[in-house]
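Chemist: One predicted model, sequence on top.
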Amino acid sequence: MVRLSVNINKIATLRNARGGNIPNVLQAAIDVQRFGADGVTVHPRPDERHIRYSDVRQIRPHITTEFNVEGYPSDKFMQLVLEVKPHQVTLVPDPPDVLTSNAGWDTKKHKYFLRDIVETLKKVGIRPSIFVDTEPQNIINAVDTGTVRIELYTEPYASMYEKDREKAVYPFVKAAKLANELGLELNAGHDLNLRNLNFLVRNIPFLKEVSIGHALISDALYYGLENTIQLYKRQLEIN
């Protein structure tokens, strides 16, 4: 079954809105694992507007599943991940001022930059993943970076899903098949939710993992965190 990694950034956003330590981000990381998630994802940004660098350091010793740290590979970010050594680092091309990740890498333009980062991560045993769109050339060029995985940026699928889900998923099916042919493992994430998730995983072959944060944490306000994680896990069942 496709693995579920829960992005807990929005829990940190809520904490930061008031100050103090409510809700407790460390406890959230512990709980999402206890409630059945296959991993924990965080995305520290330079302004630390949600997850703080100190959160990442505090959370790491308590991860019993898999820890995925997303972000732009600035010097500060790389110092952090080389220190805490998460299981996976997902490289995202977002500049400091964007609200949320909104594009994949141009893997041709940034090939040498990404190749150096990927090599650095692999040397210390961290699995690299590169955030890309479904453009075939970006997937093909990702191979030249040496990455082990790519993560498909699924916002275009999510935005088109209600209008025409078959059309929405088609480029992702092609991208998944291409990635597999090239020897790349596959993750997916961005704007996935309880409505569109199952159709995606039933149609995209070779998918290893989805990373979901905003929708899952929002649903947890209504259904509770433990129940929500189980609801998402059921959407990942394809039989």
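Modeler: The structure has been received and is ready for your questions. Numbering: from 1, shown residues only.
Chemist: Is the residue nearest the centre of the chain within a helix or a strand, and which one?
Modeler: The residue lying closest to the centre of the chain (C-alpha atoms, centre = their mean) is residue 211, at 4.1 Å. Secondary structure from DSSP states H and E places residue 211 in strand 207-212.
Chemist: pLDDT of the helix or strand just after that strand, averaged?
Modeler: Note on strand 207-212: by DSSP H and E, the next helix or strand toward the C-terminus is helix 214-223. For helix 214-223, the mean pLDDT works out to 98.
Chemist: Packing partners of the next helix or strand after helix 214-223?
Modeler: The C-terminal neighbour of helix 214-223 among helices and strands, as given by DSSP H and E, is helix 225-235. Counting contacts by 3 or more C-beta pairs under 8 Å, 6 or more residues apart in numbering; DSSP states H and E, helix 225-235 is packed against strand 3-7, helix 25-34, helix 197-203, helix 214-223. (C-beta placed from N, C-alpha, C; glycine too.)
Chemist: Between strand 207-212 and helix 225-235, find me the angle.
Modeler: Helix 225-235 runs at 150 degrees relative to strand 207-212, counting by axes from the mean of the first three to the mean of the last three C-alpha atoms, to 10 degrees.
Chemist: residues in contact with helix 225-235?
Modeler: The contact list for helix 225-235 (C-beta atoms under 8 Å, 6 or more residues apart in numbering) reads 4, 6, 28, 31-32, 35-37, 194, 197-198, 201, 212, 216, 219-220, 223.
Chemist: Give me the residues contacting the strand holding residue 211.
Modeler: 2-7, 38-39, 41, 68, 70, 90, 149, 151, 176, 185-189, 192-193, 197, 200-201, 232, 236.
Chemist: hmm, which of those residues are the buried ones?
Modeler: Buried members of the contacts of strand 207-212, scored by 16 or more other C-beta atoms under 10 Å, are 2-7, 38-39, 41, 68, 70, 90, 149, 151, 176, 185-189, 192-193, 197, 200-201, 232, 236.
Chemist: Scan the chain for its longest helix.
Modeler: helix 165-181 (DSSP state H).
Chemist: Just give me how far it sits from the chain centre.
Modeler: Centre-to-centre, helix 165-181 and its host chain are 18 Å apart (C-alpha atoms, centre = their mean, to the nearest Å).
Chemist: could I get that helix in CSV with only the CA atoms?
Modeler: Extracted in CSV, the C-alpha atoms of helix 165-181 (Å, rounded to 0.1, in the frame of the first residue of the first chain):
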residue,chain,number,x,y,z
ARG,A,165,-10.7,13.6,-13.1
GLU,A,166,-9.6,11.4,-16.0
LYS,A,167,-8.0,14.3,-17.8
ALA,A,168,-6.5,15.5,-14.5
VAL,A,169,-4.8,12.2,-13.8
TYR,A,170,-3.6,11.4,-17.3
PRO,A,171,-0.3,13.3,-17.2
PHE,A,172,0.5,11.8,-13.8
VAL,A,173,0.0,8.3,-15.1
LYS,A,174,2.4,9.0,-18.0
ALA,A,175,4.9,10.6,-15.6
ALA,A,176,4.8,7.7,-13.2
LYS,A,177,5.5,5.2,-16.0
LEU,A,178,8.3,7.3,-17.3
ALA,A,179,9.9,7.6,-13.9
ASN,A,180,9.7,3.8,-13.4
GLU,A,181,11.3,3.2,-16.8
